[in-house]
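Student: just need the structure, nothing else, for what follows:
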Amino acid sequence: MALQLADGLPGCAIPCLSQVINITTCAAANLTASFIKNMSMTACGYPSHHQTGSALEITPLVVVTAIFFLARLLSKFLRLSTWGLDDFTLILGYACTTSFAISKFIGIGRDIWTLTYDEITRFMQVFFAYEIIYTLSISALKASILFFYTRVFSIVSCTFNRVLWCTQAFNLLFCLAFTVANLNQCQPLKNSWEGWDGRHPGYCVNIYAMIMTHAVINIVLDVWLMGLPITQVVWLNMRKRQKIEIVVMFGLGIFITVVSAIRLSVLLNLRGFQDPTYDAFFLHKWSYIELSVSVIVACLPATRQVWRHVVPKFLRLVGLGTPLHHGHERPGDSKRKLRDILFLSTNKEQSAGPSSPNGSSSYPPV
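Tutor: A predicted model of the protein is given here:
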């Protein structure tokens, strides 16, 4: 059958058919090469990739992320803490993150030469949109964490507060720069999804290099965000155990850095998107994991707040808990509210917590 097929192919395609060698970037940028690759693979019975994944792989993470997000919203409706910019930016980031989970790329996880030309074009349109959505989402989640830091440490140090706002400004510029870069990756713009066939006039930048650059800067910013609050804990007037507990809580941000590093290693292994529709499966998967972990970490303080407020009451209601002894606490007691967010120690230890040398609270309102 291969010989019969060879009679109808141009001479340049014979080596590809006989040796069944992989065509790399030319398959994504040349209609003839893609067509020949498809015919030769089919004729020789060579298996093609079809890594579309399973809903079961991502469903647990979708559910867990939603639980943490709803817990944060519940903390607001229960008035355990007030609304702030950190909440609004988190909602924006979560909305973008959810779009990753419910979407299904056309052709994602399949070799590009197995798709029709229309399917490739539609895939490139969706991929272009998700480049922008990912950039907005990851920056919004970082902004949420920074706004939370501002609320917590606003009266600890004026210098540190300025550092936080400078970091916030950098994060905003980082987001704007890569959003603009994505929107101008090809000239004219429609070449971002039509230029893959090499038949449209214009040019495109190296999209792989742009995504790699964003990933590297993103990891550096993750490390910076993780270290910022830890540098301030040593100056807080509290017990050593409480300091350790706060460091552990903020140190959970290391999970974001780890996932970001894994995503970067995935990008390195893709080697320039030689088979973009297949490679996008792994990039899309780890991008969603990174965004979900960021949402979970951003919601941890509020989730713990809800847990400590709801669970004791529920246990007492069913007769399994002990009576509460902090009914004297005023709803507007900002010192206790912040301690409830940050500390992992018992109520007794918290009520005995230290105050600042001048007798005032060391903790800002939340």
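Student: what's the helix or strand harbouring Gly93 packed up against?
Tutor: Gly93 is located in helix 85-102, with elements delineated by DSSP states H and E. Contact here means 3 or more Cβ pairs under 8 Å, 6 or more residues apart in numbering; DSSP states H and E; on that basis helix 85-102 packs against helix 55-77, helix 117-153, helix 276-317. C-beta here means a position set from N, CA and C on the backbone, and glycine is covered the same way.
Student: packing partners for the first one?
Tutor: What it means is helix 55-77. Right, helix 55-77 is packed against helix 85-102, helix 276-317 by 3+ Cβ pairs under 8 Å, 6+ apart.
Student: need these in a markdown table with distance to Cys158 and mean neighbour count, can you?
Tutor: Formatted as a markdown table, the helices and strands packed on helix 55-77 follow (distance: least, Cβ to Cβ, whole Å; neighbours: other Cβ atoms under 10 Å):
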| stretch | distance to Cys158 | mean neighbour count |
| --- | --- | --- |
| helix 85-102 | 19 | 19 |
| helix 276-317 | 23 | 20 |
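Student: any chance of these in a markdown table, with distance to Val163 and mean pLDDT too?
Tutor: Shown next, in a markdown table, are the helices and strands packed on helix 55-77 (distance: least, Cβ to Cβ, whole Å; pLDDT from 0 to 100):
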| stretch | distance to Val163 | mean pLDDT |
| --- | --- | --- |
| helix 85-102 | 17 | 89 |
| helix 276-317 | 19 | 83 |
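Student: now do the helices in the stretch 201-350 of the chain.
Tutor: 207-233, 240-251, 254-270, 276-317, 334-342, 347-351 (DSSP state H, counting those that start in this stretch).
Student: closest to Trp83 out of the ones you listed?
Tutor: helix 276-317 (11.4 Å; Cβ to Cβ).
Student: okay, angle between that closest one and helix 254-270 too, please.
Tutor: Comparing the axes of helix 276-317 and helix 254-270 via axes from the mean of the first three to the mean of the last three Cα atoms, to 10 degrees yields an angle of 160 degrees.
Student: which of the helices of the stretch 201-350 of the chain sits closest to Tyr134?
Tutor: With Cβ to Cβ as the yardstick, what comes closest out of the helices of the stretch 201-350 of the chain is helix 276-317 (5.4 Å).
Student: show me what the closest one is packed up against.
Tutor: helix 55-77, helix 85-102, helix 117-153, helix 254-270, helix 334-342.
Student: related to what we said a few turns ago, just the CA atoms of the helix holding Gly93, as PDB, please.
Tutor: Listed next in PDB are the C-alpha coordinates belonging to helix 85-102 (Å, rounded to 0.1, in the frame of the first residue of the first chain):
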ATOM      1  CA  LEU A  85      -9.300  44.600  47.000                       C
ATOM      2  CA  ASP A  86      -7.700  41.200  47.700                       C
ATOM      3  CA  ASP A  87     -11.200  39.600  47.400                       C
ATOM      4  CA  PHE A  88     -12.200  41.400  44.200                       C
ATOM      5  CA  THR A  89      -8.900  40.500  42.500                       C
ATOM      6  CA  LEU A  90      -9.300  36.900  43.700                       C
ATOM      7  CA  ILE A  91     -12.700  36.700  42.200                       C
ATOM      8  CA  LEU A  92     -11.300  37.900  38.900                       C
ATOM      9  CA  GLY A  93      -8.500  35.300  39.000                       C
ATOM     10  CA  TYR A  94     -10.800  32.500  40.000                       C
ATOM     11  CA  ALA A  95     -13.200  33.300  37.100                       C
ATOM     12  CA  CYS A  96     -10.300  33.100  34.600                       C
ATOM     13  CA  THR A  97      -9.100  29.900  36.300                       C
ATOM     14  CA  THR A  98     -12.500  28.200  36.100                       C
ATOM     15  CA  SER A  99     -12.600  28.900  32.300                       C
ATOM     16  CA  PHE A 100      -9.500  26.700  32.000                       C
ATOM     17  CA  ALA A 101     -11.300  23.800  33.700                       C
ATOM     18  CA  ILE A 102     -14.500  23.900  31.800                       C
END
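Student: by how many degrees do that helix and helix 55-77 diverge?
Tutor: Using the same axes, to 10 degrees, helix 85-102 lies at 160 degrees relative to helix 55-77.
Student: can you list contacts of helix 85-102?
Tutor: 58, 62, 65, 69, 72, 76, 130, 133-134, 136-138, 140-141, 143-148, 150-151, 284, 287-288, 291-292, 294-295, 298-299 (Cβ atoms under 8 Å, 6 or more residues apart in numbering).
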